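Q: Make a model of this:
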Amino acid sequence: MSLFLLVVLVPLAFVIGIGASAIGVTAWFLMVPVLFVLFGFDLYLTLFISLSIDCGNALIMTVIAGQNQQLDLKQGLRLSLFASAVVILGVYLGTMFIPENKELFKSPSAFATFLFGLGFVRRGIKQGRLEADSHASVKDPVVSVLPVSGGHKWFSRATLLFPGVFSTGLQSGLFGIGGGMMYSIFLMFCRAYPTLKATGTAMLISLITTLIAGTGIFFQIPAAHNIDRQKIILILLLVLFSMIGTISGARIAYSLSLRKLNYLIASVIIFAASLAIIQGLIIGS
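A: Residues are numbered from 1 along each chain as shown. Model (predicted):
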């Protein structure tokens, strides 16, 4: 295990942990290009490492959210059951898709993630206006033009929850993406969950789904790339430092006002997305 490898990956893992604490940011966009392209790791091993980091961060955030009453256990377990079945389907489809499309993993796009970050800037601005108008504590808003219920009987925001969880779970199994951030966004958008509760519940879902996806990916690692002692140490170090980042980030997130929390989330997402975009341009050049 080279010192250069650790110097690059350990800080990256810490940053991922901070992102995970804020909104469930996945390791996929930052770890896959570095491990797979820059350091030449096997793709399946790369996805397993990324999912291991996401699983460790999800475990930490689930515990923290539970301790702070920011976890909907019943809803989380129900969605986890549904998402897990979809993840298994995704892993199966991945056995046919990944071997024929490895080139797609060399330059993952983070532009959509960047746009989500801008969305949280908008939430922070709106929350600031509400706090200024009321001069009092205001319930965490959900910025959307669609109602949670009412309107047409055949459609409401809530009807998008299970399709959203389905698509996220499928990506987890098929591409090895953790999905915590997407689960959080769907819970905020479809069920009007406050930010912290959405993230806590999403990380419970992500904990279970990344464990399943990681297990499925693990058994597809080629024999020539078996995980030896050095790789085990590397994985444990990355998971550990990312979990430390998650704990550090959670302490900050749980101490902020709703306005500042949205700005924190926006900053983390935009920073991570920008880093991934720059990373892709440098590695791909």
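Q: Tell me where this protein has strands.
A: Shown for the chain, no strands are assigned by DSSP state E.
Q: quick one: the helices in it?
A: Counting by DSSP state H, residue ranges of the helices within the chain are 3-23, 28-32, 43-67, 73-97, 111-134, 161-175, 180-191, 195-218, 229-253, 258-284.
Q: Quick one: these as a markdown table, columns for mean pLDDT too.
A: Compiled in a markdown table, the helices of the chain are given as follows (pLDDT from 0 to 100):
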| stretch | mean pLDDT |
| --- | --- |
| helix 3-23 | 89 |
| helix 28-32 | 89 |
| helix 43-67 | 97 |
| helix 73-97 | 97 |
| helix 111-134 | 76 |
| helix 161-175 | 96 |
| helix 180-191 | 94 |
| helix 195-218 | 96 |
| helix 229-253 | 94 |
| helix 258-284 | 79 |
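Q: Reformat those helices into TSV and put distance to residue 103 next to each item.
A: Bear in mind the C-beta positions are built from the backbone N, C-alpha and C, glycine included. Compiled in TSV, the helices of the chain are given as follows (distance: least, C-beta to C-beta, whole Å):
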stretch	distance to residue 103
helix 3-23	23
helix 28-32	13
helix 43-67	10
helix 73-97	12
helix 111-134	19
helix 161-175	13
helix 180-191	24
helix 195-218	18
helix 229-253	24
helix 258-284	11
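Q: could the ones you listed go into CSV alongside distance to residue 104 and mean neighbour count?
A: Shown next, in CSV, are these (distance: least, C-beta to C-beta, whole Å; neighbours: other C-beta atoms under 10 Å):
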stretch, distance to residue 104, mean neighbour count
helix 3-23, 21, 21
helix 28-32, 10, 26
helix 43-67, 10, 25
helix 73-97, 9, 18
helix 111-134, 15, 16
helix 161-175, 9, 21
helix 180-191, 19, 25
helix 195-218, 16, 26
helix 229-253, 23, 18
helix 258-284, 12, 19
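Q: Give me the distance between residue 31 and residue 256.
A: For residue 31, the distance to residue 256 (C-beta to C-beta, to the nearest Å) stands at 27 Å.
Q: So what touches stretch 252-264?
A: The contact list for stretch 252-264 (C-beta atoms under 8 Å, 6 or more residues apart in numbering) reads 21-22, 64, 68, 120-121, 123-124, 127-128, 131, 138, 140, 194-196.
Q: Now do the end-to-end distance for that stretch.
A: Terminal residues of stretch 252-264 lie 9 Å apart, using C-alpha to C-alpha, to the nearest Å.
Q: just how off-centre is it within its chain?
A: The chain centroid and the centroid of stretch 252-264 are separated by 18 Å under C-alpha atoms, centre = their mean, to the nearest Å.
Q: again with stretch 68-77
A: 17 Å.
Q: Pull the residues that contact it.
A: Contacts of stretch 68-77 with the rest of the structure, by C-beta under 8 Å, 6+ apart, involve 62, 65-66, 191, 193-194, 196-197, 199-202, 204-205, 254.
Q: change it to 10 Å
A: Contacts to stretch 68-77, defined as C-beta atoms under 10 Å, 6 or more residues apart in numbering, come from residues 61-66, 78-79, 161, 183, 187, 191, 193-208, 250, 253-254.
Q: Next, work out how far apart residue 251 and residue 162 are.
A: Distance, residue 251 to residue 162, using C-beta to C-beta: 33 Å.
Q: swap in residue 123?
A: 24 Å.
Q: try residue 82
A: Remark: distance between residue 82 and residue 162 (C-beta to C-beta) = 7 Å.
Q: ok, now residue 202?
A: Residue 202 sits at a distance of 14 Å from residue 162 (criterion: C-beta to C-beta).
Q: repeat for residue 277
A: Distance of residue 277 to residue 162, given as C-beta to C-beta: 31 Å.
Q: Residue 174 too?
A: In this structure, residue 174 and residue 162 are separated by 18 Å, where distance is defined by C-beta to C-beta.
Q: same deal with residue 77?
A: 15 Å.
Q: how long is stretch 215-227 from one end to the other?
A: The stretch stretch 215-227 measures 14 Å between its terminal residues, going by C-alpha to C-alpha.
Q: So which residues make contact with it?
A: When contacts are taken as C-beta under 10 Å, 6+ apart, the neighbours of stretch 215-227 outside the stretch itself are 41-52, 55, 87-88, 90-92, 94-95, 98-99, 172-173, 176, 210, 231, 234-235.
Q: and residue 272, what is it in contact with?
A: For residue 272, the set of contacting residues under the criterion of C-beta under 10 Å, 6+ apart consists of 12, 15-16, 18-19, 22-23, 25-27, 29-30, 110, 113-114, 117, 181.
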